[in-house]
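[1] below are the sequence and a predicted model; questions follow.
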Amino acid sequence: MEKARRFADHVRQISQIYEKALATLSREAQPMDAVLIHSGSEGVYFGDDRHIYFEAFGHFNHWVPVNRPDQMLLFQPGKKPTYFQVVPPDFWYDQTVAQEAWWADQFDIIRLEKPEQVMDHLPATRRIVFLGENTGFAADMGLPAYLHNERNVLNYLDYYRGMKTEYEVEELREANRMAVAGHEAAKQAFLNFGSEWDIHQAFLSTNQMLETDSPYTNIIGLDEHAAILHYQYKQRAKGDQSRVLLIDAGCVSNRYCSDITRTYMREGGHEVFAGLLQGVDALELKLADMVEVGMPYRQLHEAAHDGILDLLISHELVSGNRDELAENQRVSKLFFPHGIGHLIGLQVHDVGGFFKDDHGALAPPPEEHRFLRLNREMQTGMVFTIEPGLYFIPVLLDPERNSALGKNLNWQLIDALIPYGGIRIEDNIWLSENGPVNLTR
Ligand code: GLY
Ligand code: MN
Ligand code: MN
């Protein structure tokens, strides 16, 4: 089976990364023989006995596609990795772990009833790096505190999570395929005058999803709600007066996420908005084509600001000297106030966005683009989003109504477009050996 081959290759590649991390980061004063990754512990809300929905730690899911608390993976150089599958005897919850040969064959699986039974199976030296949130558990297992989430190891692993194996790319492709089908159903629900709630249900039911199956809370905004970047509610009122839908929604395949945004305007809407919609879509495709190995991702963000400014000028929302308007992106930032994208993988905003190298040297976002979530040079294997937007956001625009800068803005047109909310177009892009590949289209 092709999937089994891809997964075997994935495990071989990440084993090499772990092996190299231990070999290069172990020091005489701090030897490290193995890594134990804990998926996490289940928590409850404060003062309550109700469980918080559990999401396993990404580095655990990098090995094992199981979303369950208290699962563990032990990596020892030169050995087949061990998966400690903790299955408590229980009659309150179904604790069975659905296991499939395509992934399970890559591990020695030891089934335990309680997590602490892992003690009997750990290397006697206890020079084990523990990765996971529950460091109290690690201490109980006798693992030394200085190796709990050892920073250098974690940085190294985060850095390499940025480059995806063939298995991961195929899972991301599948998560995209699922979401694209959901988006098509959502679009139809909008065209049929559905409410935000109706559109949300249309997206979920296409893939028989529960809300907890989503990689993030669906953003489904009609009209002005499209201008609230992470709009989190779903109005039940019918959409028979609606003009615009902005939907940002994704799916998950074996823990790998997609993150896709589409914007639609009903026929008969403002022609400038229609032009902007077409313009942002074309800009997104152009940016995706620009990506190449060695290019700083930041450059894409700056190109997006140039493209947004061009759209604002050509649609007469803004007038004046282009160079002055472009200075510090102060005009385009009023309409495009977020980053152009982020790494995507096991987490929708995947780890590893801010590294200069695998030694942990940081590349934080530049001061002028503090919302940018990816500030690395592009490398083969990276999967990331490209998501330009153009919004009419009163909170950002209103303070400029009487400012010097505001003299360059066409307020009459802006006021006519505020009821349309805004536009975002977001695809997931894989930088393959042969250049960028759009996994969404
Ligand atoms: N869905 C959140 C984002 O686009 O980053
Ligand atoms: Mn998104
Ligand atoms: Mn995104």
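    Good, I have the coordinates. Ligands and ions are numbered 1, 2, ... in the order given.

[2] start and end of stretch 65-83, how far apart?
    11 Å (Cα to Cα, to the nearest Å).

[3] check stretch 26-40 too.
    25 Å.

[4] who in the protein is up against ligand 3?
    Within the chain, the positions lying close to ligand 3 (Cβ under 5 Å from the ion) are Asp259, Thr385. Quick note: C-beta positions are derived from backbone N, CA and C, even for glycine.

[5] who's the closest residue to Gly294 other than its chain neighbours bridged to?
    Closest residue to Gly294 apart from its sequence neighbours, by Cβ to Cβ, 6 or more residues apart in numbering: Glu377 at 5.7 Å. Assessed by DSSP bridges, Glu377 has beta-bridge partners Pro296.

[6] mind checking pLDDT for Glu377?
    Predicted confidence (pLDDT) for Glu377: 96.

[7] next one: the one 5 residues further on
    Residue-level confidence at Met382 comes out at 98, pLDDT.

[8] my guess is it contacts Met163. True?
    Yes. Applying Cβ atoms under 8 Å as the test, Met382 and Met163 come out as touching, 5.9 Å apart.

[9] give me the more crowded residue out of those two.
    Using other Cβ atoms under 10 Å as the criterion, Met382 and Met163 rank with Met382 on top: 25 against 18.

[10] which residues does the more buried one contact?
    Gly162, Met163, Lys164, Leu343, Arg376, Trp430, Leu431 (Cβ atoms under 8 Å, 6 or more residues apart in numbering).

[11] SS state for the residue nearest the centre of the chain?
    With distances taken as Cα atoms, centre = their mean, the residue of the chain nearest its centroid is Val348 (1.6 Å). Put simply, Val348 is coil when judged by DSSP: H, G, I helix; E, B strand; the rest coil.

[12] which residues touch it?
    Pro215, Tyr216, Gly250, Cys257, Asp259, His342.

[13] compute the number of surrounding residues for the first one.
    Look at Pro215: counted by other Cβ under 10 Å, it has 22 neighbours.

[14] near the residue lying closest to Leu147 once chain neighbours are set aside, how many other residues are there?
    Using Cβ to Cβ, 6+ apart and skipping residues adjacent in sequence, the residue nearest Leu147 is Val129, 4.8 Å away. Neighbour count of Val129, defined by other Cβ under 10 Å: 29.

[15] try Glu174
    17.

[16] pretty sure it contacts Gly250?
    No. The criterion here is Cβ under 8 Å, and Glu174 misses it with Gly250 at 11.9 Å.

[17] one step back: among the contacts of Val348, which ones are buried?
    Pro215, Gly250, Cys257, Asp259, His342 (16 or more other Cβ atoms under 10 Å).

[18] residue contacts, the closest residue to the last one other than its chain neighbours?
    Once its chain neighbours are removed from consideration, His342 has its nearest residue in Arg373; the separation is 3.8 Å (Cβ to Cβ, 6+ apart). Shown here is Arg373, whose contacts under the criterion Cβ under 8 Å, 6+ apart are Gly339, Gly341, His342, Leu343, His349, Gly353, Pro365.

[19] which of those residues tops the neighbour count?
    That'd be Gly341 among those, by other Cβ under 10 Å, with 28 neighbours.
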